[in-house]
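Trainee: Dropping the sequence and predicted coords here.
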Amino acid sequence: MARSLPLSLCFIMGILMVIQFFIPHPISQSFLDIIIKWVRIIMAFALAIGVRSITFRHYERIKRQKGEWGFSLVTLIALFACAFIGLFGGVGPQSYHRLIYNHVMVPLGATMFSILAFYMASAAYRAFRARTKEATLLLIAAFIVMLGMVPIGTAISPRLSDLAEWLLSVPNMAAKRGILFGVALGGIATALKIILGIERGWLGGKR
Amino acid sequence: MKMLEGLGKIDRRIIFLAMTIAVIFPLLRPLYLVGRVGRRTEELYKAIDRLPERSFLLISIDFDPSSMPELYPMYLSILRHAFAKNLRVIVMGLWLTGTGLAEEGLRTCAPEYHKIYGEDYIFLGWKAGITAVMFGLGRSLKETYPTDYYGKPVDSYPILKEDITYRDIPFMVSLSAGVPGYETWIAYAQTRFGIKVGAGVTAVSAADAYPYLQSGQLTGLLGGLKSAAEYEYLNEKAGYAKAEKPASQLMDSQSLAHLLIMILVILGNISYFAVRRKR
Amino acid sequence: MHYLLIFFCTLAPLGPIEVFDTPSDAGKCITIKWQPTAGEVDSYEVLRKGEGEEGFAVIGEVASGECSFLDNKVVDGKVYFYKVRAVKGGTILESEVSEAVRSSPQWFSLYRLNVLIGIILFSALVLYFIYHARRGKKLFIRRISGLDAVEEAVGRATEMGRAILYVPGLGSVSDIATIASLNILGEVAKKTAQYSSTLLVPNRDPIVYTVAYEVCKEAYTNVGRPDAFKGDNVFFITDQQFAYAAAVDGIMVREKPAANLFLGMFWAESLILAETGATTGAIQIAGTDAVHQLPFFITACDYTLIGEELYAASAYLSREPLLVGSLKGQDYGKIIILFLLLIGSGLLLLSALRPFKFFSILLGFFEVR
């Protein structure tokens, strides 16, 4: 029962959603809207379970004063403070919650994103070696694209940006599409296996 | 020879320091490196430039603060262009986290051209249900967005006194960092209702948009910071904008960063071949 | 009496207009089509009269080059009549009144018939190979070095007495890549249970967290080591992309896992995760179907599963005949698509020549709306 119920539910909902894709009738659209609403409700409850997980994990660390437990304290304070401020102060454009989001979350997110520039430099320096003919070709293409995408490249030669665009829109696009075909078919096959109950790894344990 | 081998062992911290200098230096001392305006940028620019005065232009903000460095300058440039051409701008978004940016852009650009909220532009904000919004705009904007972002009925504003649909909007631009984004607009609005769609995307996803350009489903594309800088240049050349050009300043930094990465790769390979030769 | 035959008028009469319920839609839409007039016009106006209404009213206007109009402000089941007016300066030329038409929603979208046929064909292929696999036929899969390295990674972690960090991606449970990752997590959890290694699974999505928790727990139970399972090691962090990346980076720098597995759906944070892991000296195996992030993983990781190799993982690791059979079906599906690509490209080229223009109709069959 513990396994057959989720498998049956998965089968029924999978088939219904496939059928829904082909039916333009408003009933079909209403069905999709209901499912989307249910997904949102389930996500909200799952978020509560997630918050429980993070709270207990950090609480245990603080209780045992294990490792760098100070960060766990900061995490819990931030979590509950933001939740209370949002719940009681509102989340509108002029609220304190929005202020915290705009002045703390947004700059922190931008900072993390900007780490990419440094990591790209160090990863490229460490890994890009012309070990084989293919790697050399890749390096040359990379140089052309890097130069073509900035004004310095255009200053060297106007053709560079045309060549860079050609590299991106022809060979690069061809390779991407090849991978996407495989991904799309793999996705359909995996979805089919899950709907038919052949693939049961997501349930855990024996298939 | 030892020195050549050592080129492959540069400390990461030195690399990070070099990158910091490469990015910060042009911000303090702009280099004003000028590139050629790309064909795709020009296509989008001309599409907006050709719109008659007082035409509607719909701008959809489909990105969040993490894509702000590339897409926000595009948004400002397009707004300035639209206001200079005296178009009626409708701003909305498919990403909830982008509404703050959308509002900020309007607050920055509208006063520069003495534009009045409710007469020259309106901000509709975000609404749940992507397909409902897309199809709804094909039937009636007023029904889809009965109130604007600030909660006031849209028909209380002169700009939307008459109800409009896609048919009344000759052009729209989606500035997207992912899904939902320009692909969603093409799939629902362009295919079904025939509205012309232009797009602004991050540099890494620009190549994905080329098939849509080739098939004519997209009219013009801004791909990354470079295109944003090109748009700023076109605005300045036409006399539409005299404001600071954030994308152009950042392009100088990007140019130096690219050069630095290329130099590092060359140094690494010199070291690699020196070691290989030694063996 | 609406025909204005002014002496300088160069407009030819408008022919009969065609009106029909817009096909394959959710209703509330009627299509009006007409033949363009011989002379030049400024625009066409479309007029409508509903059953029981007094007269015709203008409902829309289209530019001169267009010869169709979608009226999507109708009520299903109500009868409507239409007229089209050609306008040139002060001259108006009106068509005859159309036949009665009513809109209704359809139960099947003919525009997606090609997708349905594709799904049926592909599913039949997959099921055919699964059937053969059930009957004991041995099917070959090529080596996927990234998946072979999973065993090596777990062994290395056990020897070094350090943890294995498993990142199931930042996607939701509705992403196929996440499901594929959770399947692999089950296999990895079995191995860590057998070797008594520590497995850390930080999650971005709360639903994925609950599934990952159950997958790990079941894996440990099935190997006979339920006592070894530590629930705290599978945890939710946050649903914010870069906050999650920062937290995982922190775990990598503090806990220094011996092996990092990045399997699932990733976005811009992929290089942040992989490069931080590389600095800690861990062996790294990545797998994603996000094409943009593959170059970053290939650069910073020791092994990378590209695209569908991730989906093949559960079949590859378990070697279960049913799963291997489905892989073969996928491969044959790709061969069919390859042939269709070649045939389609040829037809497209030929359709440029006048005698073969009808091929473009065939190509229209592959359009998806």
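Mentor: Looks like it arrived, so ask away.
Trainee: In a strand, residue B:263, correct?
Mentor: No. Looking at residue B:263 with DSSP: H, G, I helix; E, B strand; the rest coil, it is helix, so not inside a strand.
Trainee: can you give me the helices for chain A?
Mentor: Here chain A has its helices, by DSSP state H, at A:4-22, A:26-64, A:69-89, A:96-100, A:106-127, A:133-148, A:151-156, A:158-169, A:171-195.
Trainee: Out of these, indicate the one that is most buried.
Mentor: helix A:151-156 (a mean of 20; mean count of other Cβ atoms under 10 Å in any protein chain shown). No exception for glycine: its C-beta is placed from N, CA and C like everyone else's.
Trainee: by contact count, what packs against it?
Mentor: Using 3 or more Cβ pairs under 8 Å, 6 or more residues apart in numbering or on different chains; DSSP states H and E, the elements in contact with helix A:151-156 are helix A:133-148, helix A:158-169, helix B:246-278.
Trainee: Now tabulate these in a markdown table and tack on distance to residue C:246 and mean pLDDT.
Mentor: Shown next, in a markdown table, are these (distance: least, Cβ to Cβ, whole Å; pLDDT from 0 to 100):
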| stretch | distance to residue C:246 | mean pLDDT |
| --- | --- | --- |
| helix A:133-148 | 28 | 91 |
| helix A:158-169 | 31 | 86 |
| helix B:246-278 | 22 | 90 |
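Trainee: before we move on, back to that, among the helices of chain A, which gets the worst mean confidence?
Mentor: Per-stretch mean pLDDT for these is lowest at helix A:151-156 (a mean of 82).
Trainee: related to what we said a few turns ago, for chain C, which of the helices and strands packed on helix A:151-156 is the nearest?
Mentor: helix A:133-148 (9.5 Å; Cβ to the nearest Cβ).
Trainee: Excluding residues flanking it in the chain, which one is nearest the spatially most central residue of chain A?
Mentor: In chain A, the residue lying closest to the centroid (Cα atoms, centre = their mean) is residue A:113, at 13.9 Å. Leaving aside its sequence neighbours, residue A:113 sits nearest to residue B:66 (Cβ to Cβ, 6 or more residues apart in numbering or on different chains; 5.2 Å).
Trainee: ok, the one you found - contacts?
Mentor: Taking Cβ atoms under 8 Å, 6 or more residues apart in numbering or on different chains, we find residue B:66 in contact with A:109, A:110, A:113, B:177, C:241, C:242, C:268.
Trainee: For burial, what's the neighbour tally of the fourth one?
Mentor: Same thing as residue B:177. For residue B:177, the neighbour count with other Cβ atoms under 10 Å in any protein chain shown is 24.
Trainee: Would you confirm that it contacts residue B:201?
Mentor: Yes. Between residue B:177 and residue B:201 there is a contact under Cβ atoms under 8 Å: 7.4 Å.
Trainee: in chain C, which spans are strands?
Mentor: Taking DSSP state E to define them, one finds strands in chain C at C:18-21, C:30-33, C:43-50, C:57-63, C:68-71, C:80-88, C:91-94, C:164-167, C:199-203, C:234-236, C:259-263, C:283-288, C:303-306.
Trainee: which residues do residue B:177 and residue B:201 both contact?
Mentor: Joint contacts of residue B:177 and residue B:201 (Cβ under 8 Å, 6+ apart) are residue B:71.
Trainee: and stretch B:159-171, C-alpha only, in CSV?
Mentor: Presented in CSV, the C-alpha positions along stretch B:159-171 are these (Å, rounded to 0.1, in the frame of the first residue of the first chain):
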residue,chain,number,x,y,z
ILE,B,159,-3.3,56.2,-21.0
LEU,B,160,-5.7,53.3,-20.6
LYS,B,161,-9.0,55.0,-20.7
GLU,B,162,-9.8,52.9,-23.7
ASP,B,163,-9.4,49.2,-23.3
ILE,B,164,-6.6,47.7,-25.4
THR,B,165,-5.3,44.3,-26.5
TYR,B,166,-2.2,43.1,-28.4
ARG,B,167,-3.8,44.5,-31.5
ASP,B,168,-3.3,48.0,-30.2
ILE,B,169,0.4,47.4,-29.2
PRO,B,170,2.6,47.4,-32.3
PHE,B,171,5.7,46.3,-30.5
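Trainee: pLDDT of it, averaged?
Mentor: Averaged over stretch B:159-171, pLDDT sits at 91.
Trainee: For the stretch 151-279 of chain B, which residues are neighbours of chain A?
Mentor: B:203, B:206-208, B:210-211, B:224, B:226, B:229, B:251-252, B:254-255, B:257-262, B:264-265, B:267-269, B:272-273 (Cβ under 8 Å from any Cβ of the partner chain).
Trainee: Now the terminal residues of stretch C:236-244, how far apart.
Mentor: Distance across stretch C:236-244, first residue to last, is 9 Å (Cα to Cα, to the nearest Å).
Trainee: which parts of that stretch are buried?
Mentor: C:236, C:237, C:238, C:239, C:240, C:241, C:242, C:243, C:244 (16 or more other Cβ atoms under 10 Å in any protein chain shown).
Trainee: gap between the third one and residue A:54?
Mentor: Using Cβ to Cβ, to the nearest Å, residue C:238 is found at 8 Å from residue A:54.
Trainee: just to revisit the earlier point, in PyMOL, how would I select just the buried ones from the residues of the stretch 151-279 of chain B next to chain A?
Mentor: In PyMOL, this line selects whichever of those come out buried by 16+ other Cβ under 10 Å:
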select buried, chain B and resi 203+206+207+208+210+224+226+229+251+252+254+255+257+258+259+260+261+262+264+265+267+268+269+272
